[in-house]
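J.: Sharing a model prediction with you, sequence too.
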Amino acid sequence: MPPLSPLGTLVTALRSALFSVLFYGMTVFLLLACLSVMPFGARKVVPLAAVWSRIHRFLARWVLGQKIVVEGAFPDEPVFIVSKHESMFETLDAVILFHRPVIAAKRELGDIPVWGAVARAYGLMIVDRAGGASALRGIRAEARSAFAEGRPVLLYPEGTRVPHGERAPLKAGFAGLYTMLGVPVLPVALDTGRLSPRNSFLKRSGVITYRLAPLIPPGLPRAEAERQLFEAINSLNGPAAEREIDSV
């Protein structure tokens with residue numbers, strides 16, 4: 001994107017500051033609300049998480065000036081959603097965009113004080129690659145329970161936020177879950193990093209696009225499933241680049 005003018009930078013900074021004050025203030029309030037309802041059942045957290053996500057989207061639209069466009073349609077049945085990851089934006093927006101997904105994540109996220117407890121109650125599914133067969137059985141059971149409740153499972157296969165325009169290698173966790181779950185995969189490309197880049201206080205106005213690609217069927221050889229996924233989630237990142245798959 002072109003650089004901002006001095007006036008544009010000032011306006012963007014003021015908008016970003018107002019957004020931060022309002023959003024993080026509401027986040028503290030909602031975290032406390034979640035903690036207060038958790039003793040009555042973990043599922044009580046899910047509607048509060050949806051409120052949090054809607055507040056984020058409202059403030060992004062009307063304070064930051066970020067409009068969302070979704071290309072493609074969601075399938076009727078719960079699926080394994082695998083998304084590009086460029087910004088904190090999509091992690092906050094996912095709850096309402098993907099209809100209350102159970103989110104597959106590394107253990108460190110679930111261990112964050114207070115937030116981790118609330119995230120686990122919402123449906124954070126810990127993927128522990130060192131946990132052995134018992135951990136895999138637990139993941140399979142959690143995923144099947146989510147599908148039975150009509151909730152999809154969501155994974156960010158690059159393992160971390162990637163600057164817009166870059167094509168990071170896929171982590172091995174995708175292949176393991178793809179084989180284990182045996183359900184169609186919905187690849188999601190996005191360009192949130194153009195407007196809300198990682199490690200940046202400034203959040204620019206503009207249009208954020210989510211592109212929902214055709215489903216990848218279950219049962220493909222690992223290399224073919226990874227190839228299709230890699231191309232699909234990077235379809236908003238400019239010219240095709242050489243594909244990389246991380247074996248770690």
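T.: Sure thing, it's come through.

J.: Tell me how many other residues crowd L59.
T.: Using other CB atoms under 10 Å, L59 has 18 other residues around it. From N, CA and C alone the C-beta is placed, and that goes for glycine too.

J.: wait, isn't it in contact with L22?
T.: Yes: taking contacts as CB atoms under 8 Å, L59 lies within contact range of L22: 5.7 Å.

J.: What residues of the longest helix along the chain count as buried?
T.: Using DSSP state H, we find that the single longest helix of the chain is helix 6-37. Across helix 6-37, burial judged by 16 or more other CB atoms under 10 Å covers 12, 15-16, 19, 23, 30-31, 33-34.

J.: now do stretch 111-127
T.: By neighbour count on 16+ other CB under 10 Å, the buried set for stretch 111-127 is 116-127.

J.: I'd like these as TSV, with pLDDT appended.
T.: Shown next, in TSV, are the buried residues of stretch 111-127 (pLDDT from 0 to 100):
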residue	pLDDT
G116	85
A117	88
V118	90
A119	88
R120	87
A121	89
Y122	91
G123	86
L124	87
M125	85
I126	80
V127	74
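
J.: quick one: which of those residues is nearest V162?
T.: V127 (18.5 Å; CB to CB).

J.: what separates the residue nearest the centre of the chain from T179, distance-wise?
T.: In the chain, the centroid-proximal residue (CA atoms, centre = their mean) is T91; its distance is 3.9 Å. Distance from T91 to T179, counting by CB to CB, to the nearest Å: 25 Å.

J.: likewise L109?
T.: From L109 over to T179 (counting by CB to CB), the distance is 23 Å.
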